[in-house]
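Q: Please work out how this folds:
(one chain, ligands or ions: 1)
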Amino acid sequence: MSSLLETKIAARQHALREQGLLRQRKLLSVDHTLNTNASTSSPRFVFEGRAYVNFSSNDYLGLSRVPELAEALHLGAQTYGVGSGASPLVTGYSDAHLALERELCDLTGHEAALLFCSGFSANTALMKTLFDQHDIVVADKLVHASIIDGLQDSGAQLKRFLHNSLESAERLLARDQTSALITESVFSMDGDCAPIAQLSALCRQHHAWLVVDDAHGFAVLDGYHNAEAAKLIDVQVVTFGKALGCQGAAVLGSQALIDFLVSNAREYIYSTALSPANAALALAATHYSTAHPELQQKLLENIALFKQLCREANVPLLGSDTAIQPLIIGDALQTLQVAEELRAAGIWVGAIRPPTVPVGSARLRITLTAAHAAEDIAKCVAQLAQVLSRIGVPLVTERQAADDHR
Ligand SMILES: Cc1ncc(COP(=O)(O)O)c(C=O)c1O
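A: Residues are numbered from 1 along each chain as shown. Have a look, this model is predicted:
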């Protein structure tokens, strides 16, 4: 007889498979036919013996393949060892960590910073530690799972406002004495940006803190990684695994907040510190991105090219201006089918399904980077248009016609 847990696991996996929602890892390897050091050729990998152009990574500036940064990691490991050896409050906090914290403060204008091994743990630690059952917190409908998990653990009363709606946010702020409003700078699944300046003004008016998850904006979006950021944003979470191409995260805010987290955040206190080599790498990556503004320019050009080609081919995008370009298909199984057909043409895009996005809004999440070559972007759009019309997903003109008849 099966145990209770075996039965539960089998039933849940079966249900997910039936709904097209089963998640599985894909084992990828390096495309050895490429010069992997070349940060100018489109990002590629090999899956089951075949090479694909990667349109689904968050390595927006292509920094993960920059040789100088590989050297910075190597040097960091030689200097400090390959691991931190302890939690930060024991013996895991070194001058490599302090140097990165200082750099992040200089870049954003915040007083102090605290490093974590991932953005997920930075967000959950912040939410769980900062809020408790006495707090009312309002958050955009689309904030990341790590924020929701942390808020649920905190016991705070959570109220959600309509995505990017100032009216909806203000209604909630006016109703109750709210401790904080939480949003993202660039939304991870929609690619649109929050109206940070206006939200900041609302928060000031209602004496609430503005907390911004800047995972997808930091180092790519002008505006929130300069010394002005701290004037608008009370707490900013930046991650190193997206545009900086490496790993880890930081919470930035006042010295009082960071001191409070140091003595209370369980994820920080009871976990091995980010390795100093990774801190040295993230520091080198911030320097590299600042010293190479042409990468941001190239990314903007690639985004513009992708959008223009999609417009010409009637491919129905959501209207994002960032590196994250979603194409809503709706049905989860059909989304998987489109992604599969693109793979048959050597193009890899993310198929995002519930619960990551709301039911009925399954989508392709296509991400552009500074490293994509123009011909690969053109190939991606051409294939996309072909596959959509073959499978019967409405193109812009057909969607428009359907809307006109409503
Ligand atoms: C908006 C947002 N916040 C936080 C995270 C977590 O960051 P990390 O990947 O460093 O854990 C992600 C990652 O997907 C994200 O999209």
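
Q: and the closest residue to residue 208 other than its chain neighbours, what pLDDT?
A: Distances taken as CB to CB, 6 or more residues apart in numbering place residue 178 nearest to residue 208, at 4.6 Å, with adjacent residues excluded. In this view, the C-beta of every residue, glycine as well, is placed from N, C-alpha and C. On the pLDDT scale, residue 178 is placed at 98.

Q: From the ligand, how far off is residue 178?
A: Noted for residue 178: a distance of 21 Å to the ligand, by CB to the nearest ligand atom, to the nearest Å.

Q: Considering only the stretch 201-350 of the chain, name the residue that lies closest to the ligand.
A: residue 215 (3.6 Å; CB to the nearest ligand atom).

Q: Report the beta-bridge partner residues of the residue nearest to that residue when sequence neighbours are not counted.
A: Spatial nearest neighbour of residue 215, excluding adjacent residues (CB to CB, 6+ apart): residue 239 at 4.3 Å. Taking DSSP bridges as the rule, residue 239 bridges to residue 249.

Q: picking up where we left off before, A strand includes the residue of the stretch 201-350 of the chain closest to the ligand, no?
A: No: according to DSSP: H, G, I helix; E, B strand; the rest coil, residue 215 belongs to no strand; its state is coil.

Q: From here on, call the first residue 204.
A: Sure, I'll start counting at 204 from here, so that last one is residue 418.

Q: And the residue nearest to residue 418, how close does it get to residue 283?
A: 22 Å (CB to CB, to the nearest Å).

Q: Comparing these two, which residue is more hemmed in?
A: residue 442 (27 against 20; other CB atoms under 10 Å).

Q: Which residues of the stretch 404-553 of the chain lie near the ligand?
A: 416, 418, 419, 442, 444, 452 (CB under 6 Å from any ligand atom).

Q: just the residues you listed now: which is nearest residue 539?
A: Using CB to CB, residue 419 comes nearest to residue 539 of those, at 23.8 Å.

Q: Please name the nearest non-neighbouring residue to that closest one.
A: residue 389 (3.8 Å).

Q: Now do the contacts for the one you found.
A: Contacts for residue 389 (CB atoms under 8 Å, 6 or more residues apart in numbering) come out as 395, 396, 417, 418, 419, 420, 423, 424, 525, 527.

Q: Try it again at 6 Å.
A: 396, 419, 420, 424, 525 (CB atoms under 6 Å, 6 or more residues apart in numbering).

Q: Quick one, which of those are buried?
A: 396, 419, 420, 424, 525 (16 or more other CB atoms under 10 Å).

Q: separation between the residue lying closest to residue 322 once chain neighbours are set aside and residue 324?
A: Using CB to CB, 6+ apart and skipping the chain neighbours, the partner closest in space to residue 322 is residue 442 (3.6 Å). Distance, residue 442 to residue 324, by CB to CB: 11 Å.

Q: next one: residue 369
A: Residue 369 is 31 Å from residue 324, by CB to CB.

Q: Also residue 272?
A: For residue 272 relative to residue 324 (CB to CB), the value is 23 Å.

Q: Also residue 578?
A: 39 Å.

Q: swap in residue 284?
A: 22 Å.

Q: So which of those two has more stuff around it?
A: Neighbours around residue 284 and residue 324, counted as other CB under 10 Å, are more numerous at residue 324. The numbers are 19 against 13.

Q: now that one, nearest residue through space, not along the chain?
A: Here the residue nearest residue 324, using CB to CB, 6+ apart, is residue 470, at 4.8 Å.

Q: Cool, thanks, signing off.
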